[in-house]
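S.K.: Sequence first, then the predicted structure:
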Amino acid sequence: MTIVPAEIVEFEKEKMAAMGNTTTPAWPVAFTRLSVSAEEFLEKFPCNHIHGVYGDCVEELRLAARLLNMDVQMLG
């Protein structure tokens, strides 16, 4: 499991819609400010399937990973 703490960023509704339409419009989109460089993120997280949650859930995610016998990679 890769955990990437980030800040959700909101823009004006029109700008968010325009940026969201650069992908498949039916997909949910969240814009985030990461505390890791784009290069490191792309190098260490080479996939397009991401789940996001509001709030600081790092410890809960670490616990879930441990209970599921999963390795944890922290970025940022």
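M.R.: Here it is on my side, so go on.
S.K.: quick one: average confidence on the strand or helix carrying residue 33?
M.R.: Residue 33 belongs to strand 32-34 when assigned by DSSP states H and E. For strand 32-34, mean pLDDT rounds to 91.
S.K.: need the helices for the chain, in chain order.
M.R.: Applying DSSP state H to the chain gives helices spanning 13-20, 38-44, 58-67.
S.K.: ok now the second one, how far from the chain's centre?
M.R.: Right, helix 38-44. Distance of helix 38-44 from the chain centroid (Cα atoms, centre = their mean, to the nearest Å) equals 12 Å.
S.K.: I'd like the numbering to begin with 642 instead of 1 from here.
M.R.: In the new count, where the first residue is 642, that last one comes out as helix 679-685.
S.K.: Tabulate the CA atom coordinates of it in PDB.
M.R.: C-alpha atoms of helix 679-685 as PDB (Å, rounded to 0.1, in the frame of the first residue of the first chain):
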ATOM      1  CA  ALA A 679       6.100  14.800  -9.400                       C
ATOM      2  CA  GLU A 680       9.200  12.800 -10.400                       C
ATOM      3  CA  GLU A 681       9.300  10.800  -7.200                       C
ATOM      4  CA  PHE A 682       5.500  10.200  -7.300                       C
ATOM      5  CA  LEU A 683       5.600   8.900 -10.800                       C
ATOM      6  CA  GLU A 684       8.700   6.800 -10.200                       C
ATOM      7  CA  LYS A 685       7.300   5.100  -7.000                       C
END
